[in-house]
Every structure is written in C-alpha cells, then in structure tokens.
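Participant: Got a sequence here, can you build the structure:
(chains A and B)
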Amino acid sequence: MNALAQKIAKEFKDSETSVRKNELHATFPQDTLPAACKFAAEQLDSTLISAACSEEECIFRIDYLFSLRDSDKFLIFGAGLKSNKFQSITPFMPAANWYEREMHDMFGVVPEGHPDTRRLCLHDDMPANMHPLRKSFKANSKPERVPGAYQFRKVEGEGVYEIPVGPVHAGIIGPGHFRFSVAGEPILALELRLGYTHKGIEKRFESMTPETGIYLAERVSGDNSLSHAVAYCQAAERAADISIPERAAYLRTIFLELERIYYHLGDIAGIATDVGYSVGAAEANRIKEMAMRLNEEASGSRVLRGIAKPGGARIDIRQEAKDRLLEMASHLRFESKILGETLLSSSSLMDRVERTGILKEDIARGMNIVGPAARASNVSRDARKDHPYAAYSKLEFKVPTQKAGDVLARTRVKMEELSESCGIIERAIWSMPEGKIATELPKIKKGTKALGCVESPRGELIYYIIAGEDTLSRCKVRDPSQCNWIAMEYAVPGCIVPDFPLVNKSFNLSYSGNDL
Amino acid sequence: MIKLIGNCMKRGAVTTKYPAMPEAAPSGFRGKPMIDAGKCDACSKCVQACPSSSIKVENKSIAVCIGSCLFCGACLDACPKGALAHSQAFEVSSMDREGLYEKYEAGAK
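Facilitator: Numbering: from 1, shown residues only, chains lettered A, B, ... in the order given. Have a look, this model is predicted:
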C-alpha cells in the first residue's frame, strides 16, 4: 500500500496521499486530476467503480473511486474545485459517463469536454438552476415545473422508425422509457431514459446518523435489501475504524447467499415466463417461494431486512435454524439442478435465448459492467473474491464465468451461482464460530471518508460515505444497475423487438436502485 | 418435460386455499409490534428509536401507526422494560385510517 502511495507521490508532486486499511486517498490539484485518473487506469491497472461529488462549505469536491484489478485495494482520487467547472474524464474513460452527468444534474458542476451534456437524473421539466444535492437546497421544497423536452439520439434512413416504450409498463415493474429505432423487425439502436422514480435518497441520507442510515439503505432497492444494508454497514465500520465480530461476518455471509439464491431463482423464473414456458416458470417460482419462506424462518423477514447493523448483526442463527438451513441448502441445490436441466433441455426456451442480446467482452470491460452480466461475457469480476468482505476470504467457492455473453450465458451463470451459494451456506454454517454478534459503533470523526463494497446478486455495489458532525455529510450509493443499464444499449441492437423483454429480463436491473 | 410432469404428479398441489385455509407465520416472524401495556411506563425510548416516527406517546397513552411501521424492531431493542414484542399477525390491513392505529394505555392490565 505504501509503495503504491510513493509511486503516486513520485508521479504527481503536488498530491497529498493518506492510507487507511486498503483505501488510498489522494488529493490532487484540480488540473492534474484527469491525468491522475488516466495514470490509475493505465499504469496501476484499475477500474473506475464510482464517482461522487460533495460539497463542504460551498466548495465542491469530486472523487473518483477505483479498484485495483489484481489486489484488494481501492484508490480514491479527488480534487477540490476552484469554480463549478471541472475537466471531464469521460472522453478517455467511458465508464465515467453517467457519474459525471449525474454530478452535473445534482450539484450543478459542469464537466467540461463531456460528450453528452443532456440531463440524466433530473428531468427536463425541472428548473435549470435547481441542484438538489447542494447543501443550500431544502429537501422539503417543491420545485416549479418548466417546459422542456429530452432530445433523443436520432437514427435516420429509409424505413427507419421509432418505437417509444414506457415509462409506464404492463405489470408491476418500475418506470423507464425505452426508445427503439428499428428498420422492420431488427433493432438498430436503443436509448434509455430513466430517473422517473427519483426519491431523493442521497439527500435523505444527509439527515441521518450513521446508526439510523441503515433503515434507509435497506430500502433503496427492494430485492437487494441485505446487500445494500451490508455495503452501508461496511462503509460506516471502515469510517469508524472497527472490525466486526467473526460470528457476525459469518451470519452476514449466510444471509447474503440466501439473498442471492432467491434473487437468481426469480430471474430464472422471469426468463421462463418471457419465453412463454409457463410450466418451467411455475416450477422456478415454486422453488423461489421455498427460498423466501426459508428466509422468513431464519430471519423473520422474507426479503432479509433487519439483519445487519453497523457493528455487526442484529439476529443470530439458533441451533434448530442451523439444521434447517443445512437441510434446505442441499434441498435447494438439488431442486435448482433439476430446474436447470429441465429448462435448458426445452427447445422452445433454447431457441429464444441462444445468441440473443450478446454483450461483447470488450464492452463489458470498457463500460465497467458488473455482476453476472459481466461474468457471462468472460469478465471474471466478483467482489467476494477481489475485495473479500464478511467471511468470504475464509470460504472456498468458485466464480462461474461464461464466454458467449448472450441471454443463455447469463442464465447459466446464475444457475451455477445458485449451487455455489448453497455450498457457501453449508461451509459457512459448519465453520461459524461462537461469540458476540455485534460491537458498538463509535462516533465517526467529521470528514472521514470510507467506502463499502459488496457483491450483490446484481453485481458490485458501492457505498461511499463522508461523515459530517452528527449526521452523514454525503452518501453516494452506486447500485450495480447504474453500471449495467448502459449495457442494454449495447446488447439489444441486432435483436428483434420481441426479444427485448428477454434481454431486459436477463439483466434484470433495478429502476429504484438506479434512480435513487 | 415428462420427468417434470412426473415430479409434479408425485408432489401434488403446493399452493393452499388462502384465505379459506389460513396459514400461520413461522416462529421467528417479525410481525406487528405489540405493547404489553402492563409493563410499559411510557418512557418514550421507543419513540426516539423508531426510524419512521410511527410511535406517539402522550402522557400515558401510546399509539402505534401500522401504516408507516417498518417492522424493523428498533423499538424492541430500545425498550428497557421488554414491553414490546413482534406478534405473529400479518393480516394488518384496514378499511379506514383509524384502523391502522394500535392504542394502549401505559400501566393498564
């Protein structure tokens, strides 16, 4: 870690570096920050995982968060801004695209040289000078509506027409607008417009203490409740510089894997539904319900809420529950194996999923796609292995990958992860030590920055917090959906319109987690 | 497919006729928080702990709003008397707003 700090200090004379655990915080003068980001990506072999703007006494600061590819280290490169303009890094680092557009909307800091200056999170009927995450913005104020319309990218040519879909969809899913440009059946281009469920979550975090923030974190994205809770807890624990009792780490691991099981089963059921294979879908939903009831039995909550808290865990697993979990883990593995065989031997399903919605490996790497979607495109990234947290460093497991990058590959990755998760639960229960399940969270020093990283069922999830006096001063949530929505724009072109729901389902992204 | 149908036949129906045949929640279920009024002394610790401000205490009368309750159990952890507990009830919907409030008198038996 110190060698890395020296390397950066040698390359950039005016930088200030500090090391805390496996985080390297570096502050640069504003004009050398883009060069430093380039250096991080090219010389230090790291990936941009998040970026956050923050405001301290009317001075804006931007931080880019990187994770090193081959070791468990994070880089946090930041700079204080002299005005409300900064040099964009998107031209050479496309993964920064949405982060910088988000900063532009929410803080009113302008990324100069950014190729796309349209709004992202705020819609065009919001006043131009309204920036909700500035400290001067009152959370309970009601903005005026102004006329304005979003300019979609145009595809022109003979026979090309547009199909607008959404934001309101059939079925109970979140709102999002999809603009297809098609010539006949094949889709030429897709553009997404999200942000319809903006709830002001990041603003709300700023009025919460590190202890109470957990209740909000759990409710950011409904089906990844526990991952959000654990990522938030990890950030708070790192900021307070404490480590959790070992038993709590094992408890978190067991419940995180239970979350992965029920989530993946729901995804697989969705794929079967979308190809019209209702017998397979009913079977998958039956197993999913079994998993959710197991959650309820073991934790009291079907969607695994109220399990983690900053400092450890809130509930323990009793002896009877242990036996039940072991029995069910092996049962679920058996059931999902048969489910996988049934689905993948059905020609009506295979016809639809093979070579549909291909996400190429270079796009997955370049755009920082995460989770099962990346692993299906041969990018072996998994926070459980790369940045081990909870008890993952002590447990053996495989990270399944596929090469094809199509809907089938993504489904296969999820199926293989299911059986891995059952194995992790079994091993974790066998080796879980006795002892305390929580420690006290001490007061966090004002200005402390820390991040929490969890491999949620959708992929790598990052919380980045900056502590304030009593409450949090900033909490940047980077749901995996924020990285992966953009992948749809690359995977869908070339497919026919009826395949879109299938491709969409295979990524199964969260509207709520993205819109915040 | 044949195998799947065979398995389904062997297993029989997995769904139940709800609400005609009501089901009980599992033992650890975190349902509606209930106050044992006899143990409660209206100290308001639960009011401070509640993240969604669903508990109101005025003198000795306590009202818990189920409409905004998160079922998180923070009030249970905060209660020094152990007067709060999750019940097994999960059918807590109501036709009017009044029905969403559980009212108690502290100290009442």
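
Participant: Low-confidence ranges, chain B, go.
Facilitator: By pLDDT under 70, the low-scoring segments of chain B are B:109.

Participant: Contacts for the longest helix seen in chain B, please.
Facilitator: Using DSSP state H to define each element, chain B has its longest helix at helix B:2-11. With CB atoms under 8 Å, 6 or more residues apart in numbering or on different chains as the contact definition, helix B:2-11 has outside contacts at A:279, A:280, A:283, A:338, A:342. The C-beta positions use only the backbone N, C-alpha and C, and glycine is treated the same way.

Participant: try 7 Å
Facilitator: Identification of contacts with helix B:2-11 by CB atoms under 7 Å, 6 or more residues apart in numbering or on different chains yields A:279, A:283, A:342.

Participant: how close does the most centrally placed residue in chain B get to chain A?
Facilitator: Per CA atoms, centre = their mean, the C-alpha nearest to the average position across chain B is that of residue B:32, at 0.9 Å. Distance of residue B:32 to chain A, given as CB to the nearest CB, to the nearest Å: 13 Å.

Participant: Wait, that residue touches residue B:87, no?
Facilitator: Yes: Residue B:32 lies in contact with residue B:87 (CB atoms under 7 Å); the separation is 5.0 Å.

Participant: Tell me the residues on chain B that lie near chain A, please.
Facilitator: Contact residues, chain B versus chain A (CB under 7 Å from any CB of the partner chain): B:1, B:4, B:14, B:26, B:28, B:29, B:30, B:51, B:70, B:72, B:73.

Participant: Apply 10 Å and report the result again.
Facilitator: B:1, B:3-5, B:7-8, B:11, B:14-15, B:25-31, B:49-52, B:70-74, B:77, B:86 (CB under 10 Å from any CB of the partner chain).

Participant: Can you give me the pLDDT of residue A:57?
Facilitator: In this model, residue A:57 is scored at 80, pLDDT.

Participant: Now the phi/psi pair for it, please.
Facilitator: Phi and psi for residue A:57, reported as degrees, to the nearest 10, are phi 50, psi 50.

Participant: Kindly report the same for residue A:71.
Facilitator: Main-chain torsions, residue A:71, degrees, to the nearest 10: phi -140, psi 160.

Participant: Determine the number of other residues adjacent to it.
Facilitator: The number of residues packed near residue A:71 is 13, by other CB atoms under 10 Å in any protein chain shown.

Participant: could I have stretch A:323-336 exported to CSV, CA atoms only?
Facilitator: Output in CSV follows, covering the C-alpha atoms of stretch A:323-336 (Å, rounded to 0.1, in the frame of the first residue of the first chain):
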residue,chain,number,x,y,z
ASP,A,323,-30.1,-27.7,11.0
ARG,A,324,-32.9,-26.4,8.9
LEU,A,325,-30.6,-24.2,6.8
LEU,A,326,-28.3,-27.1,6.1
GLU,A,327,-31.2,-29.4,5.1
MET,A,328,-32.7,-26.7,2.9
ALA,A,329,-29.4,-25.7,1.3
SER,A,330,-28.9,-29.2,0.0
HIS,A,331,-32.6,-29.4,-1.0
LEU,A,332,-32.4,-26.1,-2.9
ARG,A,333,-29.3,-27.2,-4.7
PHE,A,334,-31.0,-30.5,-5.8
GLU,A,335,-34.2,-28.7,-6.9
SER,A,336,-32.3,-26.0,-8.8
